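**Q** Need coordinates for the following:
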Amino acid sequence: MAGIAGGYSLVGFLKKDAYNYVDKSKCESITDGDADAAIAYLDGKMEADPMAMAVYNMTEEGMLGNLFWADGRSRLDYQYFGDVLAFDSTYKKNKYRRPLVIFSGSNNHKQTTIFGFGVVMDETIQSYTWLLEKLLEVMCGKQPSVVVTDSDESMHKAISAVFPAATHRLCAWHFEKNVTSYVKEAALRERFNRWLFADMSVDEFLTEWSLAVEEYGLEESVWANQVFGKEMWVNAYQRDKFCAGFRTTSRCEGINAIAKNFLQSKGTILDLVQNLELMVKDYRNNELLSQFRTIDGIPVMTTSLESLERNAAETYTRAVFGDVRREIERVIAVNLVRVGRSLTTKIYTVQDYGLPDRNVTALFDNNMGMMKCSCGRWCRNGYPRRHMFFVMRSEHVKEIPPHLILKRWTRNAKSLDEYVEKTKDDSDRSFLLRHGALHTACQWLFFLGAQQFHLYEKAMKSIRQLYAELESECVQVKGAAPANPRGVVRDPEVAKTKGAPKYSKRTGKKRLCTECNNTGHNKRKCPQLKSNLKKDRRQPGGFEDEDELEEAEKLWSKFESDGDQDLDSEV
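**A** Modelled structure (predicted):
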């Protein structure tokens, strides 16, 4: 800062200088090309994060084709929470207009977690198939059980080819929008919405569908016949599938909305990779805060089933515990119909308040530690519902049975206890799980060790001692893989934007003066207009009124101050 004068800060450069410096730095960072610089950047990240991976292919012309990348934390999160996968494509996030695909899911705090990113050439089956195959390769072969997307046909065929055992669920919002477009009868639209969201059996759906086909004459409807053959949208076929709360791709839309704050439509591939890294850090910071609140916080017990509520608070994360507590509170709305017995198994028949015509059967066997419910909501949500808590209350159970606790919803979802037997080999997935478990355990160590200086010294001393012991016992430390020699990856072609084409300076077309229709100057520097002004200024009565004379005087003064230099303007 050079000084302060008149209330303004004086610095040694202008705003334009700052922009020029930033542009120059960006140009220097992509000397060999944008795509090659982005791949080199991802290769550099692998040195700091050995578990990070990036794969790509090239076109016949040597240009960048498809690209997929994920860091070590994303690969680890997929091992724990990759049972439900959601993804969508978004446009105008780079100057090449390449679709950006973001893979995401839900963590144990019911927050969005990102598994990886992909930039594809187009939205064809081949591009999506390549992308999903590389996702499966990077994630050590772990396949999702449920995949949630919109109604894109190319995505559907690619998912069927790469994830044949997965359940493909269509976004309910997109399907409801299609129903509004194709179905004109309001009563029939209501039925479609019921089939889309209502909790019913497959037989009930088939019966209602047959009645609707007969009533509204849907035999000749091509759209109706197409959607009937797809089980991806009917809730009756999805009722026993765990979807981690996913019914729509709204979380994908939320990620795309946040990405707008980090990405620009004129940005390079390198800018896209770097800025998406910042976005992921923002998501992970939210997860870290939720984990600390879960560990530090002690919720207040509010229900009459205090032992069950306290056990749930000690087991689940804060977000999931809120849902479990609401189910405990709803036990009061469950009515007992009868209790039967078959050997050591008790059979409870109950009803929900307000639904006297629908019986729900719950089985309980204390000797075998088994509890099941016919409503299927535990399979869909991953935690006990009110019918199960009603049986627990009747049987005086103090804690939730272990087989009803889904580990992905617990506060220790990333611990290694459940995966001990699966991680004794030397596979990549075992190394990934062990690395993640150690990282999670050390996070709390870092938090405690930073509280006070003497705790910091104690933690640092123990870490150095443990580091020396492990290093001496380790026979072979896996280093970073040597970089494979590769040629320069050319940049993709820049997509042409809509709008009127701009004239190039090389075309030779020059702007015409609006006064004399000649080139080489504009109206402000027109010699003919200047000559007329001189003539009219010298002749008395050359202007009709004083306003015209005053305007001419101003224009003449302007010409005299500008001089006679012509302006060569080209477009």
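**Q** Now the closest residue to residue 400 other than its chain neighbours, what are its backbone angles?
**A** Setting aside the residues directly before and after it, residue 400 is nearest to residue 311 in space (C-beta to C-beta, 6 or more residues apart in numbering), at 5.7 Å. All C-beta spots, glycine's among them, are computed from the backbone N, C-alpha and C. With angles defined as degrees, to the nearest 10, residue 311 sits at phi -60, psi -40.
**Q** who's in contact with residue 311?
**A** 398, 399, 400 (C-beta atoms under 8 Å, 6 or more residues apart in numbering).
**Q** Kindly indicate the member of the residues you listed with the most neighbours.
**A** Comparing the contacts of residue 311 by number of neighbours (other C-beta atoms under 10 Å), residue 400 comes first, having 20 neighbours.
**Q** Look up the residues forming beta bridges with residue 89.
**A** Residue 89 forms beta bridges with residue 101, as assigned by DSSP bridges.
**Q** Let me know the pLDDT of it.
**A** Here, the pLDDT recorded for residue 89 equals 88.
**Q** how many neighbours does it have?
**A** Residue 89: 25 neighbours (other C-beta under 10 Å).
**Q** before we move on, what about residue 73?
**A** 21.
**Q** Please compute how far stretch 254-267 lies from its chain's middle.
**A** 11 Å (C-alpha atoms, centre = their mean, to the nearest Å).
**Q** and if you look at stretch 360-380?
**A** So, by C-alpha atoms, centre = their mean, the centroid of stretch 360-380 is 35 Å from its chain's centroid.
**Q** buried residues in that stretch?
**A** 360, 362, 364, 371, 372, 373, 375, 376, 377, 378, 380 (16 or more other C-beta atoms under 10 Å).
**Q** Give the buried residues for stretch 121-138.
**A** Quick answer for stretch 121-138 (16+ other C-beta under 10 Å): 121, 127, 128, 129, 130, 131, 132, 134, 135, 138.
**Q** now swap in stretch 176-186 and tell me
**A** Residues of stretch 176-186 classed as buried by neighbour count (16+ other C-beta under 10 Å): 176, 179, 183.
**Q** Could I get the full set of helices for the stretch 401-550 of the chain?
**A** Along the stretch 401-550 of the chain, the segments classed as helices by DSSP state H, counting those that start in this stretch run 428-449, 453-473, 527-538, 546-562.
**Q** Oh, that last question was meant for the stretch 51-200 of the chain, not what I typed.
**A** 72-81, 125-138, 153-162, 172-182, 186-197.
**Q** okay if I get these as JSON lines plus mean pLDDT and distance to residue 523?
**A** JSON lines is the format used below for those (pLDDT from 0 to 100; distance: least, C-beta to C-beta, whole Å):
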{"stretch": "helix 72-81", "mean pLDDT": "91", "distance to residue 523": "60"}
{"stretch": "helix 125-138", "mean pLDDT": "94", "distance to residue 523": "53"}
{"stretch": "helix 153-162", "mean pLDDT": "92", "distance to residue 523": "55"}
{"stretch": "helix 172-182", "mean pLDDT": "85", "distance to residue 523": "53"}
{"stretch": "helix 186-197", "mean pLDDT": "88", "distance to residue 523": "62"}
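**Q** Wait, residue 494 touches residue 98, no?
**A** No. Using C-beta atoms under 8 Å, residue 494 is not in contact with residue 98, being 10.4 Å away.
**Q** Neighbour count: the two, which is higher?
**A** For residue 494 versus residue 98, neighbours defined as other C-beta under 10 Å are more numerous around residue 98 (24 against 12).
**Q** So which of the buried residues of stretch 360-380 are in helices?
**A** If you go by DSSP state H, the buried residues of stretch 360-380 have 377, 378, 380 in helices.
**Q** And the second one, how far from residue 301?
**A** Meaning residue 378. 23 Å (C-beta to C-beta, to the nearest Å).
**Q** among the helices of the stretch 401-550 of the chain, which gets the worst mean confidence?
**A** Going by mean pLDDT, the lowest-scoring of the helices of the stretch 401-550 of the chain is helix 546-562, which has a mean of 60.
**Q** hmm, back to that, tell me the one of the buried residues of stretch 176-186 nearest residue 342?
**A** residue 176 (43.1 Å; C-beta to C-beta).
**Q** mind listing what the closest one touches?
**A** 192, 193, 196.
**Q** cutoff 7 Å now
**A** Counting by C-beta atoms under 7 Å, 6 or more residues apart in numbering, residue 176 makes contact with 193, 196.
**Q** next one: the one 4 residues further on
**A** For residue 180, the contact set (C-beta under 7 Å, 6+ apart) comprises residue 189.
**Q** export the contacts of residue 311 to JSON lines and tack on secondary structure and pLDDT?
**A** Shown next, in JSON lines, are the contacts of residue 311 (DSSP: H, G, I helix; E, B strand; the rest coil; pLDDT from 0 to 100):
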{"residue": "398", "secondary structure": "coil", "pLDDT": "92"}
{"residue": "399", "secondary structure": "coil", "pLDDT": "93"}
{"residue": "400", "secondary structure": "coil", "pLDDT": "94"}
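**Q** And residue 84, what's its pLDDT?
**A** At residue 84, pLDDT is 94.
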